[in-house]
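pasting the structure only:
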C-alpha cells in the first residue's frame with residue numbers, strides 16, 4: 001500500500017538525466033519510492049496521505065559528510081580560542097567529562113537541527129575532535145540516538161590522536177573513574193563495533209574506520225606531533241585489516257602533503273570507499289592521486305581553517321579531474337549552524353572568490369554536491385540519493401511560496417541561491433516521515449532541549465573545563481576585533 005503521495009510539485013530528481021519535472025508526483029511505499037511521474041500518473045489509494053506539493057519542490061535530502069557528536073551542546077563555547085586549544089577543550093569534554101547520556105543527547109540535538117534543515121544523511125565522529133573508542137558504550141549511545149530520531153548515519157569508528165595512552169573517564173553509579181586507554185584497546189574496540197554492526201545491521205546506521213589525521217609530518221596540520229608518527233604505520237595496517245575484513249570504508253582529515261604521503265608510503269588508506277575531509281592545500285599531483293584511487297573529498301567551506309590558515313580547497317580542479325566532492329559542515333561548534341543550504345551557498349562563493357568569476361561551480365553542480373554526490377561518496381548512490389522508483393525514500397519538500405523564493409524563474413537556481421532550512425516543510429528518511437509541516441515529529445523536541453540544557457549546566461560546574469569563563473567572554477560590541 002502507498003503510504004504517502006506528494007502531488008503537484010516540481011521534482012528535481014537528480015536521476016542520471018537530471019530531469020526536472022513540473023507538476024510531478026512521488027509515491028512513497030514503506031521505505032521506498034514506489035512511483036514517480038506526472039500528478040495524473042501516480043495512483044492515490046483511499047488510505048494514502050496526500051501532501052499538496054503545488055508551489056513546492058521535492059528533491060533528495062542533503063548529505064553532511066563531516067559532522068561531530070560532542071559539538072551541539074557546546075555550540076559557541078571557546079569560539080575565540082585557537083585551533084589546538086579548541087580541540088583540547090572538545091577532547092576534555094568528550095573523553096574525560098562526558099557521560100554516556102551526554103553522547104545520546106548531543107547526537108540527537110545535532111541530528112534535530114540537521115533534519116529540520118533538510119539533511120537526511122550524515123557522517124559523524126562520536127567524540128567531537130576525535131572518536132571516543134575507549135568504550136563501546138558511548139558510540140552505541142550515539143547510534144541509538146540517530147536511529148531513534150531517524151537520521152541516516154555513517155558513524156566513524158576511528159583511532160584518536162597520539163600521545164598514547166589517553167586519559168578517559170567513565171561515570172557509573174554516580175561516580176567518576178579515570179583510566180588510561182591504550183592504542184591497542186582503541187583499535188580492538190573499533191574492530192568490535194564494526195563486527196557487531198555487520199552481525200546486526202541497522203537500516204539507518206552503518207560504520208567506517210577512520211583516524212583524526214594521516215599522522216605524517218605536515219606543515220598544514222596544527223595538531224601534528226612526533227608521537228603521531230610513531231603510530232602511523234601500526235594504525236594504518238590495523239585499519240586496513242578492518243576495512244578488508246568487514247568491507248567498510250575509511251574517513252580522515254587530510255590537508256597539505258597527506259594524500260601524497262599516504263600514496264607514496266603505500267598505507268592502503270586511499271580507495272573508492274575512502275573519504276578525506278577538508279582537502280585543503282592539495283597540489284596537482286595529490287588531485288591526480290585522488291582521481292586514480294577513487295578517493296572522495298568532503299569540502300567544508302565554512303570550516304575555521306579556511307580563514308585561520310588562509311587555505312583553499314581546489315574543488316573545481318578536483319571535479320574536473322573526476323574526483324567525487326561532497327559537502328560537510330564540520331560542525332556545529334564553534335561557529336557554524338548545521339544548515340546544509342548555507343554550506344552549499346558558501347561552497348559556490350568560495351570557488352568564485354578563488355577565481356574571481358561567477359562562472360565557477362554552477363548551481364546545478366552545487367546541488368549535486370549537496371545531494372547525490374554525498375551519497376556517491378558514501379557508496380550508497382545505487383540505493384538512495386535520487387528520485388527514482390525503487391530507491392530508498394530520503395526526500396525533502398521545500399516550500400517555494402515564501403518571500404525569499406517566490407516568484408520562481410528557474411527552480412534549481414532559486415534553490416541553490418536563496419533557499420534556507422526554514423523553507424523545508426517535510427523530510428522523509430528511509431520512508432519515515434520525520435519532519436511534518438516544518439515540525440520534527442520523531443522525538444519530543446522540548447524534552448530534548450531541556451535535557452541539553454541540563455548537560456551544559458553539569459559541564460559548566462566542572463572547574464577544569466572553565467566553561468563559565470568561556471561563556472562570559474565579551475561579545476565585542478563596538479570593537480573591530482576581540483581583545484586578547
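Thanks, I have it. Just so we're clear, the structure is a prediction, and the values are computed from it rather than from any experiment.

Under the pLDDT cut-off, which ranges of this structure? List them.
1-2, 484 (pLDDT under 70).

how does it divide up, domain by domain?
4-60+386-440, 62-377 (automatic domain parsing).

what's the most buried one of the ones you listed?
Counting by mean count of other C-beta atoms under 10 Å, domain 62-377 has the highest mean neighbour count of these, with a mean of 21. For every residue, glycine as well, the C-beta is placed using N, CA and C.

what bridges to residue 275?
Here residue 275 sits in beta bridges with residue 251, residue 296, going by DSSP bridges.

does it really touch residue 300, like I thought?
No: using C-beta atoms under 8 Å, residue 275 makes no contact with residue 300, being 11.8 Å away.

Look up how far residue 233 lies from residue 293.
19 Å (C-beta to C-beta, to the nearest Å).

Quick check: which element contains the closest residue in space to residue 178 that isn't next to it in sequence?
Once flanking residues are discounted, residue 178 sits nearest to residue 169: 4.6 Å by C-beta to C-beta, 6 or more residues apart in numbering. Assigned by DSSP states H and E, residue 169 belongs to strand 166-172.

what does that strand rub up against?
Outside strand 166-172, the residues within contact range by C-beta atoms under 8 Å, 6 or more residues apart in numbering are 95-97, 99-100, 132, 134-135, 160, 176-181, 186.

Sort out which one of the residues you listed lies nearest residue 479 for me.
Distance to residue 479 across the contacts of strand 166-172 (C-beta to C-beta) is lowest for residue 97, with 32.1 Å.

show me the residues around the closest one that make contact.
Counting by C-beta under 8 Å, 6+ apart, residue 97 touches 169, 459, 462, 464-465.

So which of those sit within helices?
Counting by DSSP state H, the contacts of residue 97 place residue 459 in helices.

need the contact list for the residue nearest to residue 214 when sequence neighbours are not counted.
In space, and not counting its chain neighbours, residue 214 is closest to residue 258: 4.3 Å by C-beta to C-beta, 6+ apart. Residue 258 makes contact with 213-214, 216, 218, 221, 252, 276, according to C-beta under 8 Å, 6+ apart.

Check residue 361 too.
315-316, 347-348, 351-352.

Determine how far the last residue of stretch 219-229 lies from the first.
14 Å (C-alpha to C-alpha, to the nearest Å).

can you tell me the helix or strand for residue 306?
Judged by DSSP H and E, residue 306 forms part of helix 304-308.

quick one: that helix to chain centroid distance?
In terms of C-alpha atoms, centre = their mean, to the nearest Å, the centre of helix 304-308 is found 18 Å from the chain centre.

list the helices and strands it packs on?
Judged by 3 or more C-beta pairs under 8 Å, 6 or more residues apart in numbering; DSSP states H and E, helix 304-308 is in contact with helix 83-91.

now the angle from the helix it packs on to strand 166-172?
Using axes from the mean of the first three to the mean of the last three C-alpha atoms, to 10 degrees, the inter-axis angle of helix 83-91 relative to strand 166-172 is 30 degrees.
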